[in-house]
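1. need a structure here:
(one chain, ligands or ions: 2)
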Amino acid sequence: MRQQIILDVDTGIDDSLALLYLLASPDAQIVGIAATAGNVPAAQVAVNNLAWLEVCRAPEIEVALGAPEPLAIPLRTTEDTHGPQGIGYAELPPPTRALSERTAAEMWVALVRAHPGELIGLCTGPLTNLALALRLEPALPRLLKRLVIMGGAFNHPGNTTPTNEWNVHVDPEAAKEVFDAFSAAPADRRPLVCALDITETIEMVPKHLTLLAERAGSVPAEAVSEADHDGIRSTAPNPLVRYISDAVRFYFEFHRQYDQGYIAHMHDPFAAAVALDPTLAVTRPATVDVELTGTLTRATTVADWAGVWGREPNADIVIGTDPAAFFDRLITRVGDFARAVYPPVERKAR
Ligand code: BDR
Ligand code: CA
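-> Ligands and ions are numbered 1, 2, ... in the order given. All right, here's what the predicted structure looks like:
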């Protein structure tokens, strides 16, 4: 039995890998994709999602456009992190698939009502559209089977301001509405939160790309190196390997620019893996709230681990995992998928 997932993304290099991971997972079925404004504007996110579905030769999956702006503030995007179109150096063919006629929030609500207690929600972008969906359907936390959120930073520095994680920074009001809504939910519906504390331990390195390409049967070997000039493009014969490599190379260069080394944090694919298999994560309950007024700390996520606020926990925060086990899974699944979608052409014996 495949697990049914609603994916809410601001695609995004690592969101792309999360989407590919789910498409590549035999135990997953994506039932809808919400295109959320964040890394790039919502319309570009939608194009990216449709384009990935097309190059993956995926079945028809609904892609619904999200709100153009966060709930209360203007949109801020980050093309310097994710590339001009949001997928690094990858240039996917323009998609021929069409967008859904309903909004992302309407899609969320319709899907959870149609499948009560069955769907897993996975949010790897700002929480704008989930917050809008909660306004339409306050029972949404109980209608979902599970929710996994990539967002926040607790006992860890931010990646956008000293204390802000990007997804919460873009729409702090939405994040607060979502955590508040889950305060009233039963303990077994608490969102699993993959914050920077854990996702910054998920470091992709060039060797992972080489292994993925090898698994896909893409010959010659894909060799991305720290010594390469910036902006080199892959010539891998397997199109998925080529696009992934071009996307991730941009992310490697971005991380190096910020003195983190020639690595890329795979925040969103990790959250996708946890959504399908929560046993990958060790969690600890906490009461999470979002600061909305601090002049230095607005959009900071605060976790009350000890219950000093006297409020029930509303989140299970991921505090441990095995990054190597995650990368094994990512490489195996996405590598096998790339091979199945674009089988290697046999070389003729001479
Ligand atoms: C998050 O911010 C985005 O840029 C990434 O896609 C990820 O979802 C990490 O803070
Ligand atoms: Ca994201």
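
2. pull up the residues of the stretch 51-200 of the chain that are close to ligand 2.
-> Residues of the stretch 51-200 of the chain lying close to ligand 2 (C-beta under 5 Å from the ion) are 124-125. To be clear about C-beta, it is placed using only N, CA and C from the backbone, and glycine gets the same treatment.

3. residue in the stretch 51-200 of the chain nearest to ligand 1?
-> Residue of the stretch 51-200 of the chain nearest ligand 1, by C-beta to the nearest ligand atom: residue 166 (3.5 Å).

4. identify the residue nearest that residue in space, chain neighbours excluded?
-> Leaving aside its chain neighbours, residue 166 sits nearest to residue 160 (4.8 Å; criterion: C-beta to C-beta, 6 or more residues apart in numbering).

5. got the phi and psi for the one you found?
-> phi -130, psi -50 (degrees, to the nearest 10).

6. can you point out the buried residues in the helix or strand harbouring residue 131?
-> Secondary structure assignment for residue 131, by DSSP states H and E: helix 128-136. Neighbour-count burial for helix 128-136 flags 128-134 (criterion: 16 or more other C-beta atoms under 10 Å).

7. pull up the residues of the stretch 251-350 of the chain that are close to ligand 1.
-> 267-268 (C-beta under 6 Å from any ligand atom).

8. quick one: name the residues of the stretch 251-350 of the chain near ligand 2.
-> So the stretch 251-350 of the chain meets ligand 2 at residue 268 (C-beta under 5 Å from the ion).

9. point out where the stretch 251-350 of the chain drops to low pLDDT.
-> Low-confidence segments of the stretch 251-350 of the chain, defined by pLDDT under 70: 347-350.

10. now do the chain
-> For the chain (pLDDT under 70), the answer is 347-350.

11. can you show me the helices along it?
-> 13-24, 42-55, 79-82, 104-114, 128-136, 140-143, 166-170, 172-183, 196-199, 206-215, 239-257, 267-276, 323-341 (DSSP state H).

12. taking helix 323-341 as reference, get the angle to the first one.
-> In this case it means helix 13-24. Here helix 13-24 runs at an angle of 60 degrees relative to helix 323-341 (axes from the mean of the first three to the mean of the last three C-alpha atoms, to 10 degrees).

13. now do helix 13-24: distance to the chain's middle.
-> 7 Å (C-alpha atoms, centre = their mean, to the nearest Å).

14. for it, which helices and strands make contact with it?
-> strand 3-9, strand 28-35, helix 42-55, helix 239-257, strand 264-265, helix 267-276, helix 323-341 (3 or more C-beta pairs under 8 Å, 6 or more residues apart in numbering; DSSP states H and E).

15. what do you get if the cut-off is 7 Å, keeping everything else the same?
-> strand 3-9, strand 28-35, helix 42-55, helix 239-257, helix 267-276, helix 323-341 (3 or more C-beta pairs under 7 Å, 6 or more residues apart in numbering; DSSP states H and E).
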